[in-house]
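Visitor: Quick one, structure for this:
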Amino acid sequence: MLDFIIDSDRKILSFIKREQMENIKEINMQTEVTLLEERMDTLDSLVRAYNKYLSSLDTIINNNSSFQLNNIMKTLTELTVVLTIPTITYGFWGINLKLPFQGVPYGSLLVIVISLLISVLVWYWLKKKKSL
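Guide: Below is the predicted model of the structure:
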């Protein structure tokens, strides 16, 4: 937006210089036009500096949001790995074959405890590897 305004002001200034220089005979008017040109150059450099700052700020914001998204995906992946173990265990004990702990009165509870224990061990292992 600022670039557009500065460009339009610069076009107006060049129009004034081109069309009205014959009419401007006074030294005061020429000095004012020169001063206005200098101010336009200063404004132009300020606009460039702000554009550079804003583009770097935009890059920082994008990098930060990407980092946060990567952390979320990493956590979800680790939870999936940990929760896959009970799913596989329960699926294995759900088939119609002779399996360990089938005749034990609290066999189902024992399978759940073993599955949760393995999940906790995998979670601890991932934490120790600094994956979590």
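
Visitor: residues contacting residue 59?
Guide: Contact analysis of residue 59 by Cβ atoms under 8 Å, 6 or more residues apart in numbering lists nothing. For the C-beta atoms, the positions are set from N, CA and C on the backbone; glycine is no exception.

Visitor: quick one: pLDDT of it?
Guide: You'll see residue 59 listed with a pLDDT of 86.

Visitor: which stretches of this structure form helices?
Guide: Per DSSP state H, the chain has helices spanning 2-20, 27-93, 107-128. These are given in chain order.

Visitor: Make a markdown table from those and add distance to residue 101 to it.
Guide: Formatted as a markdown table, the helices of the chain follow (distance: least, Cβ to Cβ, whole Å):
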| stretch | distance to residue 101 |
| --- | --- |
| helix 2-20 | 74 |
| helix 27-93 | 8 |
| helix 107-128 | 4 |
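
Visitor: nearest to residue 99, of these?
Guide: Ranking the helices of the chain by proximity to residue 99 (Cβ to Cβ) places helix 27-93 first, at 5.9 Å.
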